[in-house]
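Colleague: one predicted model, sequence on top.
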Amino acid sequence: MGVELVIFDCDGTLVDSEPISVRVGTAALRRLGWSIDEAEYTELFVGCTNEFWAEQVGETPPGWRERLDAEYEAAIKAELRVIAGIEAALDRLDLPSCVASNGRHRNIRRSLEITGLAERFSGRVFSAEDVTRGKPAPDLFLHAAATMGADPERCVVVEDSPFGVMAAVSAGMRCLAYAGGLHPATRLTGAGATHLFHDPAGLPELLTGLE
């Protein structure tokens with residue numbers, strides 16, 4: 001079955017933002033009195049929607065969220081880089097592609113602009129803000145496919161989180177799960193990933209193998 005569309009997650013797949021998010025988020029929750037380490041934070045929060053995060057954290061003191069946002073913004077601007085190998089893959093990719101992320105549009109745009117990837121996906125960026133339910137529900141990926149005019153069965157999702165892999169599988173899409181990030185490979189395969197990979201630069205060959 002041919003591939004009509006490649007749908008990239010953003011955080012942890014295109015840009016190396018998740019270690020930053022985990023470090024800043026864990027420190028913030030500890031200030032609230034949570035007993036949590038970075039591994040626990042990763043398992044609970046990485047890849048989730050902003051709404052899920054807010055539900056889990058609950059009410060916070062005045063100004064707490066503003067401080068967290070400012071700390072994260074500063075760290076992103078100072079430290080954010082592309083995932084190693086992804087630019088080489090994009091240079092050789094000859095299939096239509098887009099981005100579909102649980103992040104807010106402004107945050108996705110900021111990350112793509114900082115890393116120089118924005119022009120590669122201009123006009124083809126989708127956010128959980130566009131649908132009723134973000135990942136792990138399939139809505140976001142189905143919305144991206146419909147907007148791009150692609151058959152879900154002919155879409156391939158490139159993801160790095162269990163939430164994202166579950167969303168791809170639920171959408172009836174094939175999934176390439178990046179196992180070089182924060183999530184153990186066992187959590188990605190358990191979610192039903194079609195194929196695990198460790199080298200983003202080799203994505204074009206993996207996609208050719210799916211056609």
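Modeller: Received it, and whenever you're ready, just let me know what you need.
Colleague: what mean pLDDT would you report for the longest helix anywhere in the chain?
Modeller: Determined from DSSP state H, the single longest helix within the chain is helix 64-79. Mean pLDDT, helix 64-79: 92.
Colleague: in that helix, what counts as buried?
Modeller: Residues 68, 71-72, 75-76 are the ones in helix 64-79 that count as buried (16 or more other Cβ atoms under 10 Å). To be clear about C-beta, it is placed using only N, CA and C from the backbone, and glycine gets the same treatment.
Colleague: what does that helix contact?
Modeller: The contact list for helix 64-79 (Cβ atoms under 8 Å, 6 or more residues apart in numbering) reads 17, 20-21, 23-25, 27-28, 31-32, 110-111, 114.
Colleague: out of the residues you listed, what pair is the most spread apart?
Modeller: Across the contacts of helix 64-79, the longest distance by Cβ to Cβ is 28.1 Å; it joins 32 and 114.
Colleague: when the two are compared, which one has more neighbours?
Modeller: residue 114 (18 against 13; other Cβ atoms under 10 Å).
Colleague: I'd like to know how many residues surround the residue lying closest to the more buried one once chain neighbours are set aside.
Modeller: Distances taken as Cβ to Cβ, 6 or more residues apart in numbering place residue 80 nearest to residue 114, at 5.0 Å, with adjacent residues excluded. The tally of other residues near residue 80 (other Cβ under 10 Å) stands at 16.
Colleague: filter the contacts of helix 64-79 to the buried ones?
Modeller: 17, 20-21, 23-25, 28, 110-111, 114.
Colleague: now do the contacts for residue 43.
Modeller: residue 187.
Colleague: before we move on, back to that, tell me who's in contact with the residue nearest to residue 114.
Modeller: If you count contacts by Cβ under 8 Å, 6+ apart, then residue 80 has 15-17, 20, 111, 114-115 around it.
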